[in-house]
Every structure is written in C-alpha cells, then in structure tokens.
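here is my input, please return the structure:
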Amino acid sequence: MKFRASFICATLLAAQTLFAAPFAYVTTLSETVSVIDISTNMVVATIPVGANPQGIALTPDKRYVYVANTYGTSIMAIDTATNTVIATITDVSQPAYIAITPNGEFAYVTNPAGNTVSVININSNMITTTITGFGGYPTGIAITPNGNFAYVANGLSNTVSVINLSTNTITDSIPVGSQPSEIAITPNGNFAYVTNIGSNNVSVINLNTNTVIATITVGLQPFGIAITPNGQFAYILNQFSNTVSVIDTATNSVVATIPLPASSTPENIAITADGNYGYVTYGNLNEVGIIDLSTNTVSGTTILVGNLPNGICINYIPFQNPTVLQPFSFSGKIVNQKGKFQLKAEWLASISSNIIAYEIFAFDQLLAIVPSNAPLAFVKTLHPHNTHSHHWREMYQSYLNGKYKVRAVNSNNSRSEFTNLNVQLF
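Next up is the predicted model:
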C-alpha cells in the first residue's frame, strides 16, 4: 500500500534569521526541508534531513520543527532560530506522521511498518513509550485541543484508534471508510474529519461519542486535509482529481470544488492562522501553490521547492498591534571613479521593547535581518548601470528611493507594515 506525507500543522525563517516568524516548512524527497518566507513567497533556506522525509510538525512555542524520515528510520528536530538539525531520534520503524501535544511536551509519531506509535519527550528528544495494538498500518494522527486524546487512522483495518494520552493506551476503535489516511480535528475539539483514500469520501467523527455521524463524498483519492482556524470549513485534497473539495462543517456538505493544475497530484495543505490562504504541495510539479480562501481560487503564484514535496507546516501570526517605526535615513557616496556606489543605513537602537528585529528589503528581496537592541550601520555596495550623465547621482538617488524598505518584527514574531528608506547622497 502506498502512503504519502504527512501530518499538517498550520505554520516559517531565513537561514540568517534570529527568530521564528512567518515561514512555511516543506518536506521533499530531495531529502530536504524547503523554508518559504510567506511574506514574499520565496524559498529562503534549504535544510538537509534524512531519507524520504514526510511528516512534519511545529511545537506550540514555534521553536522546533519535527520531521519524520520514513526511509531514514529517524525523526529529526530542527531549531527554527538557526534552521539546523539539533537532534536525531532513532529506534523507530519507518516513521510517517507526527502530532505534538498542545503543551509542547510530547511528539506522537506513527510507524506504519511497525504498527506502533512512538512517544517522544521533546525536552530530552528521547522515546519514552511505544504504543502497540493498532488495527494495521497506522498513518495520520491528530491530537484534541485539550490534549486528552490522539486519533490515529489505520489504513489496513479501516478504523481510527483512540489513544488516551494520560495512560498512552488505546481505549476505542472507530470504523470509518476504506484506507483512511489523514485526520484533522475542529478547533472546538468536537469533531474529527478523516480522509478515506479507498472509498473517495470523508468520515466525520463525533468525538464526544466516538461515532461516525456523516460520510461525505469528495473527489478521487482524498488525502491531505486542513480545517480553517474558525472551524467553518474543511479543505480536502483529491490527488487523482487534482481538485480541492471544500466542506461546510455546519452542514457536512461540499460547497465548492477548486481545480488545481493538471497532474499536480496535491499532497497536503496548510492554512495560515488568519484563515486567508491555503498552501498546497504539488507532488508531481515540485511546487507549492497558494489558494485564496476568501474566493476559493488558486493564485497564479507557485513556489519551486525540492523534488516531490509532501508535508507542509506553517507558522503565521498576524501582526496585531503594529508599532510605529522610528525614522530611518540612508546616505551614499561614490567609492571610486568606476561609479560604484555605497549606501550606508544608520539608526539608533529601538526604544520599543516590543520590537526585536528589523528586516531590510531591497527591490522586494530580503537583504538582511538585524537585531534592534543596538545601533546598526548597514553597508551595501551597489553598481549603477549608467554613470555617464552629469546628474547620475541625483537620478540614481531618485531610482533607489522607495526600492529599499524596512519592517519591524515584534516579540510575538509578527511583522509591521513596510516603511520606505530614503536615500540621501553626500
């Protein structure tokens, strides 16, 4: 039986960043995790991991990303502050999917080949418990918002197992459709939605009674699933139809079908915390696509990542209380007769304890990320195209104004609006 990737969370960091902020982490069969800055929709880092990485999940404090390397038979912890692997956990049997408890203390990892679930202590990065007794080929896993139970899809027995997390024992088994794969739980903790690859439908489980209360027909081979932060809609990826079915959770009916690019074979979807966008991994196209959830239309923007992208996790917190940025100034001077031009940005340390760093953009590209706790002098050498005119410096100054801009990052890892940096020649 074929299985693909992986647990989806709703959540990103450039290689040189000093903090975690809005980025998406994507597992690829290039044995890497691609890091996408979702403010610019560009890949800003590529992290080497193990063989066939699939499941991916972020800790609640946004400090670590956990990746399941299925063929590498290991789980890796990535530090989001440095985008480096800081721990490798072995003694697992082809791990596939990951869910992390709301308190951030434990990661639960399904091992389809071994019919087990491994429990990892996040503080020590060691396996503390191995849970057995699953119906066969445990794959997708989701944890209730209160942290009391985990629900695991058993692909070979067409059931969902219920784990009591206080005892790490299986307490119930719920019959669902054919070949269940992934699970998502509504934010209120009342319902679980299960994609059934073999029967082309979605089972809806009432978590208060652990019974299926609805079966919803969707497209061909439904796999990845995500629920909007307000709990109103579930988005289902249909791999063989290359579509997304949108389910209204109040009526448990399909209210929209979104066409995706032909032969995209969508793997997984993650939704930003503001509920505005869904990011979809296109397995066959080596890309990540974007859906505008307000209109249920696919953006023309795609992001090239590694080969066969599958799991995706997004960390995005909207900037709730933008702080007014301090005044900035740019100064420039000619370095030599060939017309090289040097810009020097200078400003005082931030007087606001809420701002922890600044991001500098040049021509819509992230140029640097700097801390706000000390005065900074940032120097960049530029190369004008035309220095023959007597007024080239004035023209170049006009050209550069508005091309350089900055935004603040506050202590909850959110961003302010951009402020332009004005160039002054001397």
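
low-scoring pLDDT stretches of the stretch 251-400 of the chain, where are they?
For the stretch 251-400 of the chain, the stretches with pLDDT under 70 are 316-357, 363-400.

please repeat the previous calculation with a cut-off of 50.
Residue ranges of the stretch 251-400 of the chain with pLDDT under 50: 317-324, 334-337, 349-351, 374-375.

pLDDT of whichever strand or helix holds Val117, averaged?
For Val117, the host element (DSSP states H and E) is strand 116-121. Mean pLDDT, strand 116-121: 97.

for Asn164, give the beta-bridge partners.
Phe149, Thr169 (DSSP bridges).

hang on, it packs against Gly147?
No. Between Asn164 and Gly147 there is no contact under Cβ atoms under 8 Å: 11.1 Å. From N, CA and C alone the C-beta is placed, and that goes for glycine too.

and the two? Which one has more around it.
Ranked by neighbour count (other Cβ atoms under 10 Å), Asn164 and Gly147 place Gly147 first, with 16 against 13.

how does the chain divide into domains?
23-315, 329-425 (automatic domain parsing).

deepest-packed of these, please.
Across the domains of the chain, averaging neighbours per residue (mean count of other Cβ atoms under 10 Å) puts domain 23-315 on top, at a mean of 20.

quick check: end-to-end length of that one?
Using Cα to Cα, to the nearest Å, the end-to-end distance of domain 23-315 comes to 6 Å.

repeat that for stretch 70-84.
19 Å.

averaged pLDDT, it. What do you get?
Stretch 70-84 shows an average pLDDT of 91 in the prediction.

chain center to that stretch: distance?
Centroid separation between stretch 70-84 and its chain, computed with Cα atoms, centre = their mean, to the nearest Å, is 14 Å.

and what of stretch 137-145?
On Cα atoms, centre = their mean, the centre of stretch 137-145 falls 18 Å from the chain's centre.

the stretch 1-150 of the chain: strands as residue ranges?
23-28, 32-37, 42-48, 53-58, 64-69, 74-79, 84-89, 97-100, 106-111, 116-121, 126-131, 138-143, 149-154 (DSSP state E, counting those that start in this stretch).

those strands into CSV, with extra columns for distance to Leu304?
Shown next, in CSV, are the strands of the stretch 1-150 of the chain (distance: least, Cβ to Cβ, whole Å):
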stretch, distance to Leu304
strand 23-28, 11
strand 32-37, 9
strand 42-48, 7
strand 53-58, 18
strand 64-69, 20
strand 74-79, 21
strand 84-89, 23
strand 97-100, 25
strand 106-111, 29
strand 116-121, 32
strand 126-131, 36
strand 138-143, 27
strand 149-154, 31
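
nearest to Phe240, out of the ones you listed?
Nearest to Phe240 among the strands of the stretch 1-150 of the chain is strand 138-143; the distance by Cβ to Cβ comes to 17.9 Å.

I'd guessed Ala234 sits against Ile185; true?
No. Counting by Cβ under 8 Å, Ala234 does not reach Ile185; the two are 10.4 Å apart.

before we move on, which element is Arg406 in?
To be clear, residue 406 is Val; Arg isn't right here. Following DSSP H and E, the helix or strand that holds Val406 is strand 404-410.
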